[in-house]
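S.K.: starting from these lines, generate the structure:
(one chain, ligands or ions: 1)
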Amino acid sequence: MTDQTSKMYPPSAEMAAAAHADKATYDAMYAQSISDPEGFWAEHGKCVDWIKPFTKVKNTSFAPGNVDIKWFEDGTLNVTANCIDRHLETRGDQTAIIWEPDSVDDEAQHITYKQLHERTCKMANVLKELGVTKGDRVVLYLPMIPEAAYAMLACARIGAIHSIVFAGFSAEALGARVNACDAKVVITSDGAPRGGRVTNLKDSVNQALLNDFDEVKCLVVKRTGQQIAWRPEGDYWLHEMEEKVSADCPPEEMNAEDPLFILYTSGSTGQPKGVVHSTGGYIVYASMTHQYTFDYHDGDVFWCTADVGWVTGHSYIVYGPLANGATTVMFEGVPTYPDAGRFWAVCEKHKVNQFYTAPTAIRALMGQGTEFVEKYDLSDLKVLGTVGEPINPEAWNWYNDVVGKGTVPIVDTWWQTETGGHLLTPLPGATATKPGSATLPFFGVQPVILEPTSGEEIHDTAAEGVLCIKDSWPAQMRTVWGDHERFEKTYFSDYKGYYFTGDGCKRDDDGYYWITGRVDDVINVSGHRMGTAEVESALVAHAKVAEAAVVGYPHAIKGQGIYAYVTLMTGEEPTPELRKELEVWVRSEIGPIAKPDLIQWAPGLPKTRSGKIMRRILRKIAEDDFGALGDTSTLADPSVVDDLIENRMNKG
Ligand code: WT7
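M.R.: Below is the predicted model:
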């Protein structure tokens, strides 16, 4: 990581003058947002239309045993009225969604706000036909097709709570999530093309549902037209159902605090948490961060390359951009198909103004050479964004020099599934950037750095410790679905009175924040969050595995790779075939993103005398940092460490 000595990139005078906020505006707005949060959010809460305007702004407590977060609590609204209906009069014929399919041979679709309205209302009525009512849960397991956006909005239209499961997750993982939120309907497609390969999503749904939940209905979008297995009961084609329903579906009046969606994310235990986001605070914050962070203006074409299966897709493909009446690009494919120029080809083709992607994608493309970028006209780009993991300065510089030609500001946005929107980020016209730093807080956000063991707030400007947030912001998650105690325990118990982010952080002399990575047992693989405990549970569920310990290690493209130490049952042979078998096993238990990059056979794991696995040591070995193993004297059997070092897997 670089530090404050690195070069600064101030906004150009032109950018500062044209942007929603220059430095003076940011400073003034930020100061007000902290000194008078009520006044600030009362004003900015009006960026969305309310059915019944709120009179109460903020009612939040981080107090131990009494964590309670409410924003705009007596207001009512509907998110789709804000993302669709309110734009119909002024921009009904403007493109809301540009859909770019996986294959370059297929044509892009331009969906206007009018069409978005019709498709959303129809799908909402289909859901009603299937018996879905306000408060019911609907799981979405879909490729990146416009129907994914219609489905999210259709749920929001009628007050159903969507829970998207990334289509790269396995049937097993899907089933667990359907069960955890007790979903009434699963929406999927027949197939999902990605990078030229087609996966059969309906098969996974069948596996997931046929096992345990055959009463769950399944609504199927026809994407590929391939052969799929139809369950005898409970399966419905969307296109057939849509023929029977009206295109009129009035938006349900929702309370600001009604849940909008659940999104399962990994934590430090084996069970993913259902992060619950509310309606009012979330949409206000998604809209405002989209506007300011990307300096979005009317008429701009905005492209976030994430998948709607992650929070980034929720806030910055669908909800934020549509609330602002933007044209948002939705991309079905991958950055390297048909070749490493795809991102830039799409930027040129659709005249993209703001482009938002992950460091892992930048690093992967960087390795392919600059000619893939230089072939295309990228002169419409005004802002470049990154998200998901710390961006190394080499990748930042490549993004800046090769993609942005040194003239396009980069916004490195730090946030989490739990935060709903950006918490630390530069604003393009206001903030001088430093490669690798997420810079400064967004309006209303009070980051603090605590000394990790004492939990004392470090007040000096230059500081290093754990990152916490002192007070609530509107898009903060409200609870863990069905388990408020777990919510309190995970985020508010280690450091009382603060929201604990799970990240380590440095603050430099200029007050800039530098995220140093997770301090818990969560690893970040290609910007995707993975609980080491989840991968361990999957491994030990295999009949031949006695014990497993999983840690992250530095990986050139993915940021972190998954390193698994596996102890086999007595009598089992550690063969290359078994290694392959375990990889396949983890893929089927969780999904391809959880597949260990390296599996090391471990006759024993380093444990304390009380039997606790010393992960610190395993991390060091995986990092190839044997000199820094630290104190091993408390180990029950120090010799296991020598064996592990000797047989460490080669990185490669
Ligand atoms: C974790 C959250 C927020 C959407 C994508 C990931 C890491 C995220 C950055 C950044 C350094 C980052 C953190 C965070 N992270 N953005 N700009 N710089 N680290 O959401 O899956 O909830 O993961 O991603 O470690 O805690 P998520």
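S.K.: what does the helix or strand encompassing His87 contact?
M.R.: Assessed by DSSP states H and E, His87 sits inside helix 86-91. Defining contact as CB atoms under 8 Å, 6 or more residues apart in numbering, one finds that helix 86-91 is touched by 49, 94, 96, 113-114, 117, 325. Every C-beta, even on glycine, is put in place using the N, C-alpha and C of the backbone.
S.K.: ditto for stretch 9-23
M.R.: Residues from elsewhere that reach stretch 9-23, judged by CB under 8 Å, 6+ apart: 29, 291-292, 295, 297, 400, 407, 409-410, 427-435.
S.K.: mind exporting that stretch as PDB, just the C-alpha atoms?
M.R.: Provided in PDB are the C-alpha atoms of stretch 9-23 (Å, rounded to 0.1, in the frame of the first residue of the first chain):
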ATOM      1  CA  TYR A   9      -4.700  14.200  -8.400                       C
ATOM      2  CA  PRO A  10      -6.800  17.300  -7.900                       C
ATOM      3  CA  PRO A  11     -10.000  17.700  -9.900                       C
ATOM      4  CA  SER A  12      -9.600  19.800 -13.000                       C
ATOM      5  CA  ALA A  13     -11.000  23.400 -12.800                       C
ATOM      6  CA  GLU A  14     -13.500  22.400 -15.500                       C
ATOM      7  CA  MET A  15     -14.800  19.400 -13.500                       C
ATOM      8  CA  ALA A  16     -15.000  21.400 -10.300                       C
ATOM      9  CA  ALA A  17     -17.000  24.100 -12.100                       C
ATOM     10  CA  ALA A  18     -19.400  21.700 -13.800                       C
ATOM     11  CA  ALA A  19     -19.900  19.200 -10.900                       C
ATOM     12  CA  HIS A  20     -22.700  19.000  -8.400                       C
ATOM     13  CA  ALA A  21     -20.100  19.700  -5.700                       C
ATOM     14  CA  ASP A  22     -16.800  21.400  -5.800                       C
ATOM     15  CA  LYS A  23     -14.500  21.400  -2.700                       C
END
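S.K.: now do the buried residues in stretch 450-470.
M.R.: 450, 455, 457, 463, 465-469 (16 or more other CB atoms under 10 Å).
S.K.: what about Glu577, how many residues nearby?
M.R.: Neighbours of Glu577 under the rule other CB atoms under 10 Å: 8.
S.K.: ugh, typo on my part, it should be Pro447
M.R.: So Pro447, with other CB under 10 Å, has 20 neighbours.
S.K.: for the residue sitting furthest away from the middle of the chain, which residues are in contact?
M.R.: The C-alpha centroid of the chain is most remote from Gly571, which lies 42.0 Å away (CA atoms, centre = their mean). By CB under 8 Å, 6+ apart, the contact list for Gly571 is empty.
S.K.: confirm it sits in a strand?
M.R.: No - secondary structure of Gly571 (DSSP: H, G, I helix; E, B strand; the rest coil): coil, not part of a strand.
S.K.: just the pLDDT at it, thanks.
M.R.: The score at Gly571 is 95. That number is its pLDDT.
S.K.: what do you get for Gln4?
M.R.: At Gln4, pLDDT is 45.
S.K.: rewinding a little: inside strands: which ones of the buried residues of stretch 450-470?
M.R.: Counting by DSSP state E, the part of these found in strands is 450, 463, 465-469.
S.K.: what does the helix or strand hosting Leu260 contact?
M.R.: Element membership for Leu260 (DSSP H and E) is strand 259-265. Residues from elsewhere that reach strand 259-265 (CB under 8 Å, 6+ apart): 79, 137, 152, 155-156, 161-165, 177, 180-181, 272-279, 282-283, 310-311, 314, 417-418, 478, 481, 529.
S.K.: just the buried ones among these, please.
M.R.: Among the contacts of strand 259-265, those buried by neighbour count (16+ other CB under 10 Å) are 79, 137, 152, 155-156, 161-165, 177, 180-181, 272-279, 282-283, 310-311, 314, 417-418, 478, 481, 529.
S.K.: out of these, list just those in helices.
M.R.: Among the buried ones among the contacts of strand 259-265, the members found in helices (DSSP state H) are 79, 152, 155-156, 177, 180-181, 282-283, 311.
S.K.: which residues in the stretch 401-550 of the chain form strands?
M.R.: 410-413, 447-450, 463-469, 479-480, 499-507, 513-518, 522-525, 528-531, 545-555 (DSSP state E, counting those that start in this stretch).
S.K.: buried residues in the last one?
M.R.: By neighbour count on 16+ other CB under 10 Å, the buried set for strand 545-555 is 545, 547-553, 555.
S.K.: close to the ligand, is stretch 306-322?
M.R.: Yes - residues of stretch 306-322 contacting the ligand under CB under 6 Å from any ligand atom: 311-312.
S.K.: stretch 349-368: end-to-end distance?
M.R.: End-to-end span of stretch 349-368 (CA to CA, to the nearest Å): 21 Å.
S.K.: show me what the helix of greatest length in the chain is packed against.
M.R.: Longest helix in the chain, counting residues (DSSP H): helix 113-129. For helix 113-129, the elements it packs on are helix 86-91, strand 95-100, helix 146-158, helix 238-244, judged by 3 or more CB pairs under 8 Å, 6 or more residues apart in numbering; DSSP states H and E.
S.K.: direction included, what does the second one pair up with?
M.R.: If you go by DSSP bridges, strand 95-100 pairs up with strand 109-112 (antiparallel), strand 327-331 (parallel).
S.K.: downstream of the last one, the next helix or strand is which one?
M.R.: The reference is to strand 327-331. Toward the C-terminus, strand 327-331 is succeeded by helix 342-349 as the next helix or strand (DSSP H and E).
S.K.: which other helices and strands contact that following helix?
M.R.: Under the contact criterion of 3+ CB pairs under 8 Å, 6+ apart, helix 342-349 touches strand 354-357.
S.K.: any idea which helix or strand comes after the strand it packs on?
M.R.: Using DSSP H and E, the helix or strand that directly follows strand 354-357 along the chain is helix 359-366.
S.K.: circling back to that earlier point, for the helices and strands packed on helix 113-129, which one sits closest to the ligand?
M.R.: helix 146-158 (16.7 Å; CB to the nearest ligand atom).
S.K.: what's the average pLDDT for that closest one?
M.R.: Mean predicted confidence for helix 146-158 is 99.
S.K.: what is that helix packed up against?
M.R.: Looks like helix 146-158 contacts helix 79-80, strand 95-100, helix 113-129, strand 137-141, strand 161-164, strand 185-189, strand 259-265, strand 327-331 (3+ CB pairs under 8 Å, 6+ apart).
S.K.: just the CA coordinates of that helix, formatted as CSV?
M.R.: The C-alpha coordinates for helix 146-158 follow below in CSV (Å, rounded to 0.1, in the frame of the first residue of the first chain):
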residue,chain,number,x,y,z
PRO,A,146,-33.7,-6.9,-18.2
GLU,A,147,-36.1,-9.3,-16.5
ALA,A,148,-33.8,-9.2,-13.4
ALA,A,149,-34.5,-5.5,-13.1
TYR,A,150,-38.2,-6.0,-13.8
ALA,A,151,-38.4,-8.7,-11.2
MET,A,152,-36.8,-6.5,-8.5
LEU,A,153,-39.0,-3.6,-9.4
ALA,A,154,-42.1,-5.9,-9.6
CYS,A,155,-41.5,-7.0,-6.0
ALA,A,156,-41.0,-3.4,-4.9
ARG,A,157,-44.2,-2.5,-6.7
ILE,A,158,-46.3,-4.7,-4.6
